[in-house]
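Q: got a sequence here, can you build the structure:
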Amino acid sequence: MILQALYDYYQRAINDPDKNVAPQGFEWKEIPFVVVLDESGCFKALEDTREGIGNRRTAKKFLVPQAEKRTVGIKANLLWDNVEYALGANPRDRKDISDRHKNFQNRLDDLIHTFNLSQLKTLKAFLDKNPITQIEQNIECSENWKEILEGNLNVIFRLEGSPDPSLCETIRPALSDSDFRKDIEKKGLCLVTGEKVQLSRLHPPIKGVQGTNTQGGALVSFNLPAFVSFGKTQNYNAPISESAAFAYTTALNMLLGKNSQNKIKTANITVAFWSKIKETFNEFNFEESFGSFFADPPKDNPDHGVLAVKALYEAMYAGKIPVDEGNEFYVLGLTPNAARIAVRFWKTGTIKDFADKIKKHFDDMEIIRSPKDLEYLTINQILRATVLDYKMDNMPTNLAGSVVESILDGTPYPVTLMHQCIRRIRAEQKVTRIRAAILKAYLNRSKQYFNPYGKEEITVSLDRTNTSVSYRLGRLFSVLEKIQEEANPGINSTIRDRFYGAASSSPVTVFSQLLKLKNHHLSKLTNQGRKVNFEKELGEIFDGLQEFPSHLSMEDQARFAIGYYHQRQSFFSN
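A: Predicted structure coming up:
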């Protein structure tokens, strides 16, 4: 199903002029330098294709024959490669450098023997005339050549005066019309297309999944005897045609590309998403907006995610979300696994299904906030609030994936999310808006899922009718802290800094002491009206308390934190 959906996306993209998809056997590759030759095969110039400033320079993309899948063997790319293969340079002092360059030349000789093109003979003449010496003798190229050697960078070739950006483009029509590119060994029934065709022994690598090596990883791979059966080797165990393998890998690489709008990264998970059919709704495009619900907004537009969520709400209320059952939406979660790529989750459904569940998530996360707080929170902002130093690197394994799955499935959030959030609150003695929203969403969604006809447990703002002991204890702790702050203006630390952890887990051990301190703090207040208001607030809270529990469960600690946050916010809103 995954490969079929990716194959269909390739067919959709190749017919879309805006996508600029590579044809079969080719790929778009960023190549920083172009070696320019004259008609006789002599070196003319070394062009730097990069644009930008400093380390942010980006190389121009060229359409080149698909890269070889290299591990430990020697395999040269066709008509482009790093300077070790393409020119025989040896910046890393390798012992097999002559074999690498010879392999590159042998592939060129095979092309010349097959097509007998003058442009290929020109490149052959250049490589036979000591290309490195020619480049080094050109003083104007010394800085670029030094940089190429230091990074063993890729180069491509172009003939002077040619209208094509590279030699690869010049001979592409000949390559496309032949089967020269194919390494065909067997025929069989393709699992993707259902046709009996030439099968692919090795599939092109998938790049763009964070955590994999720079050469990419494999989504389909069999490399040990324990993984194979019936005498088949490598990917013949999952028979996929050459064209289908190229299509699904090209589609996924396009979705995971550097500037792709169809991917998000959260913790160790890379998520690709796309719709089966290109959306035609001008008012709201769900595919273009999907990533904004999860990933951090760009630095130059911090309100991007908020605006996307608002657009989602407006589209749903106005009936602008497409309900076409035939246009499925796909979400693919990927994680690294050595040289392979593991599928963390695979979700399918209509755009309407996903829109409903994402809206439900934002509804669940809604909680009272200050005017300075963002109205809606992305998944990354939510997850960072539960870990040390707000760094995604400190995220527990699998937590991010479980949270994303719960949102897309409309199921309860993982209990790990609540536990992680409470640990951070106790470690920092700080109940932030995000953490309170997480705990509220967790409690409400769990109750609604297992008891769909039950009442919402936690409201958006202060609920004076909530009789939960732990919720009222959180409110009580907040009032006691506020009394202390007003009795001691400018105080550096409050009871929260010393007693929050104990008060939220074993109330009986600290609240008697805190109530004695309260009497002392109230006596210092000069505003009698304010003192009366505090007494009334305390009386209302105590009206639902019989005794202080000796211990609060993790869910009760969540209610404590929400009660504290709600009461705290009520002081600022009054």
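
Q: work out for me the element residue 173 sits within.
A: helix 172-176 (DSSP states H and E).

Q: same question, residue 297
A: Going by DSSP H and E, residue 297 is not in any helix or strand.

Q: so it makes contact with residue 376?
A: No: contact between residue 297 and residue 376 fails when scored by CB atoms under 8 Å: they sit 10.4 Å apart. Bear in mind the C-beta positions are built from the backbone N, C-alpha and C, glycine included.

Q: tell me the contacts of residue 98?
A: Going by CB atoms under 8 Å, 6 or more residues apart in numbering, residue 98 touches residue 88.

Q: what about it, which SS state?
A: State at residue 98, reduced to three classes by DSSP: H, G, I helix; E, B strand; the rest coil: helix.

Q: which residues touch stretch 299-308?
A: Residues outside stretch 299-308 that contact it (CB under 8 Å, 6+ apart) are 289, 292, 293, 295, 296, 297, 298, 374, 375, 376, 378.

Q: which elements pack onto the helix or strand where residue 478 lies?
A: Assigned by DSSP H and E, residue 478 falls within helix 469-487. On a contact count with 3 or more CB pairs under 8 Å, 6 or more residues apart in numbering; DSSP states H and E, helix 469-487 meets helix 495-505, helix 511-523, helix 528-542, helix 554-573.

Q: and these: which comes nearest residue 75?
A: Across the helices and strands packed on helix 469-487, residue 75 has its closest neighbour in helix 554-573 (54.7 Å, CB to CB).

Q: tilt between that closest one and helix 528-542?
A: 160 degrees (axes from the mean of the first three to the mean of the last three CA atoms, to 10 degrees).

Q: how about helix 554-573: buried residues?
A: 555-570 (16 or more other CB atoms under 10 Å).

Q: list the buried residues for stretch 92-106?
A: Buried-residue list, stretch 92-106, by 16+ other CB under 10 Å: 97, 100, 101, 103, 104, 105.

Q: okay if I get the residues you listed as TSV plus distance to residue 418 and pLDDT?
A: Formatted as TSV, these follow (distance: CB to CB, whole Å; pLDDT from 0 to 100):
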residue	distance to residue 418	pLDDT
97	57	95
100	55	96
101	59	96
103	57	96
104	57	97
105	62	96
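
Q: the residue most central in space within the chain: which element?
A: Nearest residue to the geometric centre of the chain (CA atoms, centre = their mean): residue 265, 1.2 Å. Element membership for residue 265 (DSSP H and E) is strand 263-266.

Q: the next helix or strand after that strand - what's its average pLDDT?
A: Counting by DSSP H and E, the element after strand 263-266 in chain order, helix or strand, is strand 269-275. Mean pLDDT, computed over strand 269-275, is 92.

Q: for burial, what's the neighbour tally of residue 267?
A: 24 (other CB atoms under 10 Å).

Q: do you know how far it is from residue 387?
A: Applying CB to CB, to the nearest Å, the value for residue 267 to residue 387 is 9 Å.

Q: same check, this time on residue 26
A: When distance is defined by CB to CB, residue 26 is 42 Å away from residue 387.

Q: stretch 461-479: end-to-end distance?
A: 16 Å (CA to CA, to the nearest Å).

Q: name the nearest of the contacts of stretch 299-308 relative to residue 12.
A: residue 289 (18.7 Å).

Q: let's verify the closest one: helix, strand, or coil?
A: Look at residue 289: counting by three-state DSSP, its state is helix.

Q: list the contacts for it?
A: 308, 311, 312.

Q: ok so, going back, quick check: angle from the helix holding residue 478 to helix 495-505?
A: Going by the same axes, to 10 degrees, helix 469-487 is angled at 170 degrees with respect to helix 495-505.

Q: picking up where we left off before, mutual contacts of residue 267 and residue 387, please.
A: The contact sets of residue 267 and residue 387 overlap at residue 395 (CB under 8 Å, 6+ apart).

Q: now do the contacts for residue 159.
A: Applying CB under 8 Å, 6+ apart, we find residue 159 in contact with 36, 37, 38, 39, 119, 122, 167, 170.

Q: could you redo the last one with a cut-off of 10 Å?
A: 36-39, 41, 44, 118-119, 122-123, 166-167, 170 (CB atoms under 10 Å, 6 or more residues apart in numbering).

Q: same check, this time on residue 77
A: By CB under 10 Å, 6+ apart, residue 77 lies in contact with 29, 64-68, 70, 85-86, 103-104, 107, 154, 156, 168.

Q: now residue 440
A: By CB under 10 Å, 6+ apart, residue 440 lies in contact with 364-368, 456-460, 558-559, 561-562, 565-566.

Q: what about residue 134, helix or strand, and which?
A: According to DSSP H and E, residue 134 maps onto helix 131-136.

Q: how distant is that helix from the center of its chain?
A: Taking CA atoms, centre = their mean, to the nearest Å, the mean C-alpha location of helix 131-136 is offset from the chain mean by 43 Å.
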